[in-house]
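>>> What would the 3D arrangement of this be:
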Amino acid sequence: MRKRPETFSDILTMPFMWPEKGDRLLRSSDDWNTAATFSEHRLSRDVYIWDGYMTAGAALVDEAEREPADRDVLVYPILFNYRHGLEMAMKWTIEQYGAYFGLYLDEKNHDLLALWRLCKQILIEASPHEKHDDLEVVEGIVKELHDWDKYATAFRYSTDKNGVMIPLPDHPIDLANVQRIMEKIDNFFTGADGMLDHHCSSNPC
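Okay, here's the model as predicted:
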């Protein structure tokens, strides 16, 4: 994470980084202990993006616990990461398994409720004789995020396209609870992926 001065003397002695000639952002590296690579395959990249945003949200909550003064700064990327991770999980479910049930993404947008309706239909049709109490719980979480951030902008910008302040909750947020709930949601979609993969492999369209 970013290094911040803890004492007055730190302000005077900490190195102050500044752009230099020759700097490149995505510089190549041969150090496999520190380098990261991008997947060349669409499916694995989709999974990495889903997992990456969920992991980033959890890591930022951990950082907010380590540095409590940063909570009010980190709450925005925490919620954006989790929101996008959820969006990617639902799009993965629809794109991978929707065709087995005649369901497809009509358009590429960020509407969480529209994505959830398709996911819910897929899951119900894949296991019509099962109880679906967990679907109601997941739907409640999806709706909560959707209601606060319909267009995937509320945690990225302070105002909408018309310059109007975007409303957000007016009460303190329990970040540890956010982390716990989103871990459950991530586990739900990971489990759904396994169930649907087994179902669709056994019942090819």
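>>> Okay, now the unreliable bits of this protein?
For the chain, applying pLDDT under 70 flags the ranges 1-3, 5, 204-205.
>>> now with 50?
For the chain, applying pLDDT under 50 flags no range at all.
>>> And A192, how far from A126?
Per C-beta to C-beta, to the nearest Å, A192 is found 9 Å from A126. For the C-beta atoms, the positions are set from N, CA and C on the backbone; glycine is no exception.
>>> neighbour-wise, which of those two wins?
A192 (23 against 18; other C-beta atoms under 10 Å).
>>> Verify the stated contact: the more buried one with L123.
Yes. Counting by C-beta atoms under 8 Å, A192 touches L123, with 6.0 Å between them.
>>> What residues of stretch 42-52 count as buried?
Neighbour counts over stretch 42-52 (16 or more other C-beta atoms under 10 Å) mark D46, V47, I49, W50 as buried.
>>> What is the subsequent helix or strand relative to whichever strand or helix holds E65?
Assigned by DSSP states H and E, E65 falls within helix 42-66. Remark: after helix 42-66, the chain's next helix or strand is helix 71-97, criterion DSSP H and E.
>>> Remind me what the helix or strand where L113 lies packs against, helices and strands.
If you go by DSSP H and E, L113 is part of helix 112-126. Packing contacts for helix 112-126, counted by 3 or more C-beta pairs under 8 Å, 6 or more residues apart in numbering; DSSP states H and E, involve helix 71-97, helix 133-148, helix 175-202.
>>> Could you export these to a markdown table, including columns for distance to S9?
Output for those, formatted as a markdown table (distance: least, C-beta to C-beta, whole Å):
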| stretch | distance to S9 |
| --- | --- |
| helix 71-97 | 24 |
| helix 133-148 | 42 |
| helix 175-202 | 31 |
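>>> Of these, flag the one that's most buried.
Mean neighbours per residue, mean count of other C-beta atoms under 10 Å, is largest over these for helix 71-97, with a mean of 20.
>>> and the angle from that one to helix 175-202?
On the basis of axes from the mean of the first three to the mean of the last three C-alpha atoms, to 10 degrees, helix 71-97 is oriented at 10 degrees to helix 175-202.
>>> mind listing what the residue sitting nearest the centre point of the chain touches?
Centroid-nearest residue in the chain: G85, 2.1 Å away (criterion: C-alpha atoms, centre = their mean). Taking C-beta atoms under 8 Å, 6 or more residues apart in numbering, we find G85 in contact with W50, D51, G52, Y53, M54, A56, G57, M182, D186.
>>> 6 Å instead?
By C-beta atoms under 6 Å, 6 or more residues apart in numbering, the residues touching G85 are W50, Y53, M54.
>>> again, but for E125
Taking C-beta under 6 Å, 6+ apart as the criterion, E125 is in contact with F101.
>>> can you tell me how far it sits from L118?
For E125 relative to L118 (C-beta to C-beta), the value is 11 Å.
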